[in-house]
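Q: my questions are about this predicted structure, shown below with the sequence.
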Amino acid sequence: MITFDSVTKRYPDGFVAVDDLSLEAETGQITVLVGPSGCGKTTTLRMINRMIDATEGQILLDGSDVRQIDPPTLRRGIGYVIQQAGLFPHRKIVDNVATVPYLLGWEKKKARDRAMELLERVGLDPKMAQRYPFQLSGGQQQRVGVARALAADPPVLLMDEPFSAVDPIVRTSLQEELLRLQAELNKTIVFVTHDIDEAIKLGDKVAVLRVGGKLAQFAAPKTLLSEPADDFVREFLGRDRGIRRLSFVSSSYLKLRTDLTVTSSSAAGPSDDAWLMVVSEDGKPVGWLDRDEPFGTYVHGKDSLRAALDAALLSSSGQAVALDESGRVVGVATRKALDEALSEAADG
Amino acid sequence: MNWLIDFFGNPDNWSGPGAIPVRLLEHLGFSAAALVLAALIGIPLGLLIGHTGKGSVIVVVSANLARALPTLGLLVLIVLLLGTASIWPVLIPLVALAVPPILVNTFEGIRGVDPELRDAAYGMGLRGPQVLFKVLVPVALPLVMLGLRLAAVQVVATAAVAAYVGLGGLGRYIIDGLATQDYESVVGGSVLIVGFALAVQGLFTLAQKVMVSPGVSQRLRVR
């Protein structure tokens, strides 16, 4: 756990970058620091590994004051990922990843084996290992940056806008990769971004900072969306808070109807106005009975209520087709079922 | 052209204390000694100033001095002070000539490294000297090598002045030749110096290719 206890960073010219900040980043969770430029989020992050020293207050890493630890020693125990990856251009990828193990005095073979293992973990082709950073794309470099930060298996990972310099498609895949990695590794991650959507997507908890380095709100994303603390947070969250909040409600709340599906062989409908979903022999959705209209699907229980609602909006019938994880139809969510789930979600 | 054939064909130029190989070795000796001394001064100073950011005024002054310094004048002054008993009257002006390009390029190379890279290096837990030698120097190496190459070529070309004060080197052919109106020697000596300078240039270019990481020079094809 990382604890900020009334931490202030005041520069000699009187400028206050972080003002009396107190918050806790839980072990094994992703804590996101988000806010407009000049809110002190990067300064806050960099005070953890002492790239910047706080002027007042204390930062505790699992109970010990970071200022009691010699900075290089402290930093070798904390993974650090920065915006442009910051890979060493003169070293091959494998040696970039092994930077901290080398510093810790590991044998070369052991360090390189570990590096190769991590390259695979972050989804890079082992062939990349013998290349130099300039031969990789921005997204690949960023993956190497993450692998390098993880090389000595530090319990804590600091990420300073790691995905903001890559294009949106690559960014989405890197975000998903991070969530997948985190599910395996359970690191204590502090993540800085200026992108509120990224914060909401990745954070177990999100700290919204305002200009001048003051904490505006520190809450789970769902709470942030439903109960913004003040106008600043509300404005920063932007539009469609209600819809976006549905991302955090499970679709398992939906009551499914199983009587609205028919197998192709017994294609005789119970009524004329109901839309019936035709299902193939192996359980896959085929289309609406007697109607050549589009339909939308979601994975029941795994996808959010937002995804289910989206599927319903894509269907001409206004009904969402629920699938299990192997793509077989488990039922149909009607407008009525969606309506009920939405009003339950609105009640919290 | 005939002068050249006469010069290189003259057996007197291939034996005794005035033989071409002897003069060439003398010239190489002055030049190498001056370059090594200048590198011993310029490189550590450039690394230190570039890494710490303190004392950059020394670099500016040095760069300006380099443009204004009259090598020949300095040589004569030092001969007047020290006499011609030692090699120092030649070495000091040559070192003074060679330090500025080495110092300035080393400094610029270190200072010009992307701040993100420096930040990443410290963030990984490298200590100050490790950041300098494991990251900044390899990345700045092309400029450090450029400084050495410029200095080497200038020193080789200028070492001819040694002859003015009665010391050896390839300059003797030019100085003595002018004094005796022996233009074969003048042309032959000049050609030797030019050839020597070109060879030095080539040698340093080759050394740079070998020493600089392909990741820095980006010589590899992007796959």
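A: Received, thanks.

Q: residues in contact with residue B:159?
A: For residue B:159, the contacting residues are B:27, B:30-31, B:34, B:90, B:94, B:169-171, by C-beta atoms under 8 Å, 6 or more residues apart in numbering or on different chains. The C-beta positions use only the backbone N, C-alpha and C, and glycine is treated the same way.

Q: turn the residues you listed into TSV, including secondary structure and neighbour count.
A: TSV is the format used below for the contacts of residue B:159 (DSSP: H, G, I helix; E, B strand; the rest coil; neighbours: other C-beta atoms under 10 Å in any protein chain shown):
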residue	secondary structure	neighbour count
B:27	helix	24
B:30	helix	25
B:31	helix	28
B:34	helix	28
B:90	helix	29
B:94	helix	27
B:169	coil	27
B:170	coil	28
B:171	helix	26
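
Q: of these, which are in range of chain A?
A: Restricting the contacts of residue B:159 to those touching chain A (C-beta under 8 Å from any C-beta of the partner chain) yields no residues.

Q: what strand or helix carries residue A:332?
A: Assigned by DSSP states H and E, residue A:332 belongs to strand A:329-333.

Q: and the contacts of that strand?
A: A:251, A:254-258, A:260-261, A:277, A:279, A:283-285, A:300, A:308, A:312, A:319-324.

Q: go on, stretch A:10-28?
A: Taking C-beta under 8 Å, 6+ apart as the rule, stretch A:10-28 contacts A:1-9, A:31, A:40, A:43-44, A:47, A:54-57, A:62, A:155, A:186-188, A:190, A:204-205, A:207, A:212-215, A:218.

Q: count of residues packed around residue B:74?
A: By other C-beta atoms under 10 Å in any protein chain shown, 17 other residues sit near residue B:74.

Q: which pLDDT value belongs to the closest residue to it other than its chain neighbours?
A: Using C-beta to C-beta, 6 or more residues apart in numbering or on different chains and skipping the chain neighbours, the partner closest in space to residue B:74 is residue B:93 (4.3 Å). Note for residue B:93: predicted pLDDT of 86.

Q: and the helix or strand encompassing residue B:93, how far out from the chain's middle?
A: Assigned by DSSP H and E, residue B:93 belongs to helix B:88-111. Relative to its parent chain, helix B:88-111 has a centroid offset of 8 Å by C-alpha atoms, centre = their mean, to the nearest Å.

Q: host element of the residue nearest to the spatial centre of chain B?
A: With distances taken as C-alpha atoms, centre = their mean, chain B has residue B:152 as the residue nearest its mean C-alpha position (2.2 Å). Using DSSP H and E, residue B:152 maps to helix B:137-158.

Q: neighbouring contacts of stretch B:96-108?
A: If you take C-beta under 8 Å, 6+ apart as the criterion, stretch B:96-108 is touched by B:34-35, B:37-39, B:41-43, B:45-47, B:49-50, B:56, B:58-59, B:62-63, B:65-66, B:69, B:71, B:74, B:140, B:143-144, B:146-148, B:150-152, B:154-155, B:158.

Q: could I get it in PDB with only the CA atoms?
A: The C-alpha trace of stretch B:96-108 is given here as PDB (Å, rounded to 0.1, in the frame of the first residue of the first chain):
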ATOM      1  CA  ALA B  96      45.300  24.300 -27.500                       C
ATOM      2  CA  LEU B  97      44.000  23.900 -31.000                       C
ATOM      3  CA  ALA B  98      42.600  20.400 -30.400                       C
ATOM      4  CA  VAL B  99      40.900  20.800 -27.100                       C
ATOM      5  CA  PRO B 100      38.000  23.100 -28.200                       C
ATOM      6  CA  PRO B 101      36.400  20.800 -30.900                       C
ATOM      7  CA  ILE B 102      36.700  17.800 -28.500                       C
ATOM      8  CA  LEU B 103      35.300  19.700 -25.500                       C
ATOM      9  CA  VAL B 104      32.500  21.400 -27.400                       C
ATOM     10  CA  ASN B 105      31.300  18.300 -29.200                       C
ATOM     11  CA  THR B 106      31.500  16.100 -26.100                       C
ATOM     12  CA  PHE B 107      29.600  18.700 -24.100                       C
ATOM     13  CA  GLU B 108      26.900  19.100 -26.900                       C
END
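
Q: got the residue ranges for the helices in chain B?
A: Using DSSP state H, the helices of chain B run over B:2-9, B:20-52, B:56-68, B:71-82, B:88-111, B:115-124, B:128-130, B:137-158, B:171-179, B:183-211, B:214-217.

Q: return the most buried member of those helices.
A: helix B:88-111 (a mean of 24; mean count of other C-beta atoms under 10 Å in any protein chain shown).

Q: if I pick the residue nearest to residue B:142 when sequence neighbours are not counted, what's in contact with it?
A: Distances taken as C-beta to C-beta, 6+ apart place residue B:212 nearest to residue B:142, at 5.4 Å, with adjacent residues excluded. Residue B:212 is in contact with B:138, B:141-142, B:145, counting by C-beta under 8 Å, 6+ apart.

Q: just residue B:88 next, same as before
A: B:78, B:82.

Q: list the contacts for the residue nearest to residue B:74?
A: Applying C-beta under 8 Å, 6+ apart, the residues contacting residue B:93 are B:69, B:71-72, B:74-75, B:78, B:158, B:161.

Q: for residue B:78, same thing?
A: B:88-89, B:92-93.

Q: repeat that for 10 Å
A: Listed by C-beta atoms under 10 Å, 6 or more residues apart in numbering or on different chains, the contact set of residue B:78 reads B:84, B:88-93, B:96, B:165.

Q: and those residues, which two are furthest apart?
A: B:84 and B:96 (18.1 Å; C-beta to C-beta).

Q: residue A:183: neighbouring residues, count only.
A: 8.

Q: so which elements touch the helix or strand hosting it?
A: Using DSSP H and E, residue A:183 sits in helix A:168-185. Using 3 or more C-beta pairs under 10 Å, 6 or more residues apart in numbering or on different chains; DSSP states H and E, the elements in contact with helix A:168-185 are strand A:30-34, helix A:108-121, helix A:138-150, strand A:156-160, strand A:188-193, helix A:196-202.

Q: is it possible to export these to CSV including mean pLDDT, mean neighbour count and distance to chain B?
A: Formatted as CSV, the helices and strands packed on helix A:168-185 follow (pLDDT from 0 to 100; neighbours: other C-beta atoms under 10 Å in any protein chain shown; distance: least, C-beta to the nearest C-beta, whole Å):
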stretch, mean pLDDT, mean neighbour count, distance to chain B
strand A:30-34, 96, 25, 17
helix A:108-121, 94, 17, 13
helix A:138-150, 93, 24, 7
strand A:156-160, 96, 23, 8
strand A:188-193, 96, 24, 13
helix A:196-202, 92, 21, 20
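
Q: reformat those as CSV; add distance to residue B:187.
A: Below are the helices and strands packed on helix A:168-185 laid out as CSV (distance: least, C-beta to C-beta, whole Å):
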stretch, distance to residue B:187
strand A:30-34, 74
helix A:108-121, 57
helix A:138-150, 57
strand A:156-160, 65
strand A:188-193, 69
helix A:196-202, 73
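
Q: still on that earlier bit, now the strand holding residue A:332: average pLDDT?
A: pLDDT averaged over strand A:329-333 gives 87.

Q: show the subsequent helix or strand relative to that strand.
A: Strand A:329-333 is succeeded, C-terminally, by helix A:335-346 (DSSP H and E).
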